[in-house]
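> fold the following.
(2 chains)
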Amino acid sequence: MPQLDPSTYAGQIFWLVISFVALYWVLVRLALPRVADVLEARQRKIDDDLDRAAAAKQEAEKVLAAYDKRMAEGRDEAQGLLRQASDEMAAEAAKQHETLAAKLAGDVKAAEAGILEAKTAAVRNIGEVAAEVAQSAARRLIGVEVDAEAAGAAVKAAMRGSD
Amino acid sequence: MVETTTEAGVDGGGHGGGGHSPLEQFEIHTIAELKLGGLDLSFTNASLMMVIAVLLVTTLMVFGTRRGALVPGRLQSISELSYEFVANLIRDTVGNEGRRYFPLLFTLFMFILFGNLLGMVPYSFTFTSQIVVTFAMAIVVFIGVTVLGFLRHGVHFFSFFVPPGAPIWMWPLLIPIEVISYLSRPISLSVRLFANMLAGHTLLKVIAGFVALMGVFGVLPLALVVALTGLEILIAFLQAYVFTILTCLYINDALHMH
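Model prediction:
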């Protein structure tokens, strides 16, 4: 087996040491710091992006909170205005209702007075009519001429009694 | 292993042109001679693959991250993926303290991974199939971890060999077991990688030998070779991972003892 030939050993170890040390030197000097830098830069970029994203999220949340607050304020304001308007309208309605009621009450009173007057007039007329009826009835039935005054008095007395 | 060599050698010799031993792929050829003192430090095909692995890893890690784009391209994705893979491995096994050993462990992982994967290229050479290479890496890990343990805990590190909660009269039995298991770490670490690479490549070569041998029915071993190549690529990754994670666990042992 060629591997067991000791005459090659010195040369193999010699070149192994040379190439290994050379590779180690190149990697330590050139390659590994560069890879480390790239990896670190990438990690930093990712971290930065994440930070920015977090900041943007925070900002968005703040805006959302402000929006919500503004919305709530608007809603309150609208409700206040609505309440005020409805109060005003209710007051107006109440006032108009009162005026109307007062006018109606006046009308009713006037009407009642009219009715009373008409009634009184009617009642007075009834007395006169009744007296005339009584005069003509007396003349026709018993041929007695009753003067108007007596007939009136009699009617008045009868009406008072029937009241 | 020797048995396999002879059998496969006979097998390979059985058919005409491709008559090579399955172990021939592990032979080392000198490309440029270099002798220092009494030592033969020639640049060989093994050295060439090591250099290619270093160049490939360098290309991937340096040119892949050249632009340092925030949104990575293909090469950059691969380099970042391997970086984070090893980093997570260390974090999961050693914890935050292990960060200091990241460059070393990353180099180890990439070097072994590319060595294993390069071996999958036809006509190339698998330097991780050389026991001397895997053992050299394992013994460095072993010595480094042991030194780390003594630096961290001083003489107290010897208590690592006493299982916690064991009654004193068991110590004479348990301590030698623990010491032997500790000392066998570099062996198991290196042999695991070496044997996996050796066995996989030998098996591929042997079965590939049958393709020409069986004529029309060679389709069957060919399909098997294709399937095994997929498996071997998986093993190439897995063994690099195992070597690295075991190193992490040893470091964790040295830092935190039990």
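> mind checking how far B:V71 is from B:S77?
To B:S77, B:V71 is 10 Å away according to Cβ to Cβ, to the nearest Å. No exception for glycine: its C-beta is placed from N, CA and C like everyone else's.
> between the two, which is the more surrounded one?
B:S77 (13 against 7; other Cβ atoms under 10 Å in any protein chain shown).
> can you verify that one is assigned to a helix?
Yes: applying DSSP: H, G, I helix; E, B strand; the rest coil, one finds B:S77 inside a helix.
> so what's the gap between stretch B:234-249 and the chain middle?
Relative to its parent chain, stretch B:234-249 has a centroid offset of 7 Å by Cα atoms, centre = their mean, to the nearest Å.
> so it, near chain A or not?
No: applying Cβ under 8 Å from any Cβ of the partner chain, one finds stretch B:234-249 separated from chain A by no less than 13.2 Å.
> give me the buried positions along that stretch.
Neighbour-count burial for stretch B:234-249, with 16 or more other Cβ atoms under 10 Å in any protein chain shown as criterion, is recorded at B:235-236, B:239-248.
> report the rounded mean pLDDT for that stretch.
Stretch B:234-249 carries an average pLDDT of 96.
> CA-only coordinates of that stretch in PDB, if you can.
C-alpha atoms of stretch B:234-249 as PDB (Å, rounded to 0.1, in the frame of the first residue of the first chain):
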ATOM      1  CA  LEU B 234     -21.700  12.500   0.800                       C
ATOM      2  CA  ILE B 235     -19.000  10.700   2.700                       C
ATOM      3  CA  ALA B 236     -16.500  13.400   1.600                       C
ATOM      4  CA  PHE B 237     -18.600  16.000   3.200                       C
ATOM      5  CA  LEU B 238     -19.500  13.800   6.200                       C
ATOM      6  CA  GLN B 239     -15.900  13.000   7.100                       C
ATOM      7  CA  ALA B 240     -14.800  16.600   6.900                       C
ATOM      8  CA  TYR B 241     -17.800  17.400   9.200                       C
ATOM      9  CA  VAL B 242     -16.900  14.500  11.600                       C
ATOM     10  CA  PHE B 243     -13.200  15.500  11.800                       C
ATOM     11  CA  THR B 244     -14.200  19.100  12.600                       C
ATOM     12  CA  ILE B 245     -17.000  18.300  15.100                       C
ATOM     13  CA  LEU B 246     -14.700  15.900  17.000                       C
ATOM     14  CA  THR B 247     -12.000  18.600  17.200                       C
ATOM     15  CA  CYS B 248     -14.700  20.900  18.600                       C
ATOM     16  CA  LEU B 249     -15.700  18.300  21.200                       C
END
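> and after the longest helix anywhere in chain A, which helix or strand comes next?
Using DSSP state H, we find that the single longest helix of chain A is helix A:32-142. Following helix A:32-142 in sequence order, the next helix or strand is helix A:148-162 (DSSP states H and E).
> state the pLDDT value of the closest residue to A:L30 other than its chain neighbours.
The shortest distance from A:L30 to any non-neighbouring residue, by Cβ to Cβ, 6 or more residues apart in numbering or on different chains, is to B:V62 (5.0 Å). In this model, B:V62 is scored at 88, pLDDT.
> what parts of chain A come near chain B?
Residues of chain A lying near chain B (Cβ under 8 Å from any Cβ): A:1-5, A:7-17, A:19-20, A:22-24, A:26-28, A:30-32, A:34-39, A:41-42, A:45.
> ok, and the closest non-adjacent residue to the closest residue to chain A within the stretch 51-200 of chain B?
In the stretch 51-200 of chain B, the residue that lies nearest chain A is B:M61 (3.4 Å; Cβ to the nearest Cβ). Leaving aside its chain neighbours, B:M61 sits nearest to A:A31 (3.4 Å; criterion: Cβ to Cβ, 6+ apart).
> rewinding a little: quick one: the longest helix of chain A to helix A:148-162, angle?
Inter-element angle recorded for helix A:32-142 and helix A:148-162: 130 degrees (by axes from the mean of the first three to the mean of the last three Cα atoms, to 10 degrees).
> would you map the helices across the stretch 151-258 of chain B?
B:171-183, B:185-213, B:219-256 (DSSP state H, counting those that start in this stretch).
> out of those, flag the one nearest A:V144.
Relative to A:V144, the nearest member of the helices of the stretch 151-258 of chain B by Cβ to Cβ is helix B:219-256, separated by 157.6 Å.
> now that closest one and helix B:185-213, what's the angle there?
Between helix B:219-256 and helix B:185-213, the angle comes out at 170 degrees (the same axes, to 10 degrees).
> mind listing what B:V86 touches?
By Cβ atoms under 8 Å, 6 or more residues apart in numbering or on different chains, B:V86 lies in contact with B:102, B:105-106, B:109, B:244.
> of those residues, which belong to helices?
Short answer: these in helices (DSSP H) are B:102, B:105-106, B:109, B:244.
> stretch B:126-143 close to chain A?
Yes: for a cut-off given as Cβ under 8 Å from any Cβ, stretch B:126-143 has contacts with chain A, namely B:127, B:129-133, B:136-137.
> list just the nearest of these to B:L189.
Looking across the residues of stretch B:126-143 next to chain A and measuring by Cβ to Cβ, the closest to B:L189 is B:M137, at 8.1 Å.
> CA-only coordinates of stretch B:188-195 in PDB, if you can.
These are the backbone C-alpha positions of stretch B:188-195, laid out as PDB (Å, rounded to 0.1, in the frame of the first residue of the first chain):
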ATOM      1  CA  SER B 188      -9.200   7.100  15.700                       C
ATOM      2  CA  LEU B 189      -9.500  10.700  14.400                       C
ATOM      3  CA  SER B 190      -6.900  10.100  11.700                       C
ATOM      4  CA  VAL B 191      -7.700   6.500  10.800                       C
ATOM      5  CA  ARG B 192     -11.400   7.300  10.400                       C
ATOM      6  CA  LEU B 193     -10.800   9.900   7.700                       C
ATOM      7  CA  PHE B 194      -8.000   7.900   6.100                       C
ATOM      8  CA  ALA B 195      -9.900   4.600   6.000                       C
END
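> can you tell me what sits against it?
For stretch B:188-195, contacts defined as Cβ under 8 Å, 6+ apart pick out A:3, B:112, B:128-131, B:134-135, B:137-139, B:141-142, B:239, B:242-243, B:246-247.
> now the buried members of these.
Buried among the contacts of stretch B:188-195 by 16+ other Cβ under 10 Å: A:3, B:112, B:128-131, B:134-135, B:137-138, B:141-142, B:239, B:242-243, B:246-247.
> near B:V225, how many other residues are there?
20.
> oops, could you answer that again for A:V108 instead?
10.
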